[in-house]
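Enquirer: What shape does this take:
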Amino acid sequence: MTEVNYGLYAANDVVVPENCIRKVLALAKYHQTLEKVIITGAKDFEWDKELKVPASIATIQSGKVDIWIANSSCRPQIIPAGICIARMTEIEEGLISSLNKNTDKVEVQHQAHLGQAEEDFETLLDPELDDLQRKELLSFLVEFTDVFDLEDKPVKVSSKVKYRINTADSQPVKQKPYRVSFEERRVIQEEVDNMLKLDIIEHSESPWSSPVVLVKKKNGTWRFCVDYRRSNKITKKDVYPLPRIDDALDSLSGASLFSTMDLKSGYWQIEVDERDREKTAFITPDGLYQFKVMPFGLCNAPATFE
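Expert: Okay, the predicted model is just below:
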């Protein structure tokens, strides 16, 4: 991956409705065609946190690219033509989905030591709490230790929703594996073995296949990725409204203690519908596999996650 990045500018005046995600045409002024780039939101554009550009991989064609922009506010937002809305960084190999945000392998451990759990929770509590509040809150957290990732436990799957991939009557996309070195092949197989062990993926006989790509990070380790661009092109796009912040705040009326939590590998907590798992298939030099949970990089994954 190169370190040089370039601006992407809104091609036209655009209105993004409140609590919605909208596709916006952007122009790349200094490059006409780039096969693979990483797109991230421009800091000046996202400064107020009401408009966000989800990170993605795209192809610049004739100096143009479509970018998704999310408006989390309760009012429409106007994006004037010519404003820098995102940055693109050129990469050397195809990339769509980062399969593990932290890229650290998860080791399976089924039980948490309650004493250690209490120590871990203790460091997270607000120092403004009095002794009784701390005691009650610690007791509550320890009671539900199993829902917290204190020892890299396997990710649990939600029963509330399943991810669907609507490709209508399109023919399956089938691609060959990218050529890799012997060392890269070993890294790919290690990651595959780890995901099999965690029940994230399964062996596949799918007519679909997207290639695996390894991208080297700054620390010298590898990031395992899948290039879903061709599959995304034939997938019906889902525009799902973002939750209203004022509604969320209203639901907290009457509360006096507040907490913040983050989902571990959040996408992996959503199961892929059995009918669509074959469309997530990826191919390696050693086999064909498909996801049982929602991977990064599929175009409707953000909407489903909301």
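Enquirer: what does stretch 173-184 rub up against?
Expert: 93-94, 188, 207-214, 222, 227, 230-231, 234, 283-285 (C-beta atoms under 8 Å, 6 or more residues apart in numbering). C-beta coordinates here come from the backbone N, C-alpha and C atoms, glycine included.
Enquirer: what distance separates the start and the end of it?
Expert: One end of stretch 173-184 to the other measures 24 Å (C-alpha to C-alpha, to the nearest Å).
Enquirer: List the buried residues in the longest helix belonging to the chain.
Expert: The longest helix of the chain (DSSP state H) is helix 182-197. Under the neighbour-count criterion of 16 or more other C-beta atoms under 10 Å, helix 182-197 has E184, R185, V187, I188, E191, V192, N194, M195 buried.
Enquirer: ditto for stretch 20-37
Expert: In stretch 20-37, counting by 16+ other C-beta under 10 Å, buried: C20, I21, R22, V24, A26, L27, A28, L34, K36, V37.
Enquirer: now these in TSV, with secondary structure and distance to Q77?
Expert: As requested, those are exported to TSV (DSSP: H, G, I helix; E, B strand; the rest coil; distance: C-beta to C-beta, whole Å):
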residue	secondary structure	distance to Q77
C20	strand	10
I21	strand	12
R22	strand	9
V24	strand	11
A26	strand	16
L27	strand	19
A28	strand	22
L34	strand	28
K36	strand	29
V37	strand	25
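Enquirer: of those, closest to D246?
Expert: Using C-beta to C-beta, C20 comes nearest to D246 of the buried residues of stretch 20-37, at 15.3 Å.
Enquirer: So which elements touch the host helix or strand of Q133?
Expert: Q133 is part of helix 131-143 when elements are defined by DSSP states H and E. If you count contacts as 3 or more C-beta pairs under 8 Å, 6 or more residues apart in numbering; DSSP states H and E, helix 131-143 packs onto helix 114-122.
Enquirer: quick revisit: check the contacts of stretch 173-184 for burial and list the buried ones.
Expert: 93-94, 188, 208-214, 222, 227, 231, 234, 283-284.
Enquirer: So which of those belong to strands?
Expert: Taking DSSP state E as the definition of strands, those contribute S210, P211, V212, V213, L214, W222, I283, T284.
Enquirer: Relative to C299, which of those is nearest.
Expert: Nearest to C299 among those, counting by C-beta to C-beta, is S210 at 12.7 Å.
Enquirer: Tell me, how many residues neighbour F291?
Expert: As a burial measure, F291 scores 26 neighbours (other C-beta atoms under 10 Å).
Enquirer: I'd assumed H203 was in contact with it.
Expert: No: F291 is not in contact with H203 according to C-beta atoms under 8 Å; the separation is 11.8 Å.
Enquirer: pLDDT wise, what is the residue nearest to S204 when sequence neighbours are not counted at?
Expert: For S204, ignoring the flanking residues on the chain, the nearest one in space by C-beta to C-beta, 6 or more residues apart in numbering is Q290 at 3.9 Å. If you check Q290, the pLDDT there is 96.
Enquirer: correct me, but Q290 touches D276?
Expert: No: Q290 is not in contact with D276 according to C-beta under 8 Å; the separation is 9.5 Å.
Enquirer: which of these two has more neighbours?
Expert: Q290 (21 against 18).
Enquirer: where's the more buried one, which helix or strand?
Expert: Counting by DSSP H and E, Q290 is part of strand 287-291.
Enquirer: In the chain, where is pLDDT below threshold?
Expert: Along the chain, segments meeting pLDDT under 70 span 1-5, 30-31, 46-49, 91-118, 149-155, 158-159, 240-243, 261-266, 306.
Enquirer: Give me the domain ranges for it.
Expert: 6-90, 115-147, 158-240+264-305 (the TED database).
Enquirer: Indicate which one of those is closest to F258.
Expert: Set against F258 and scored by C-beta to C-beta, these come closest in domain 115-147, at 9.2 Å.
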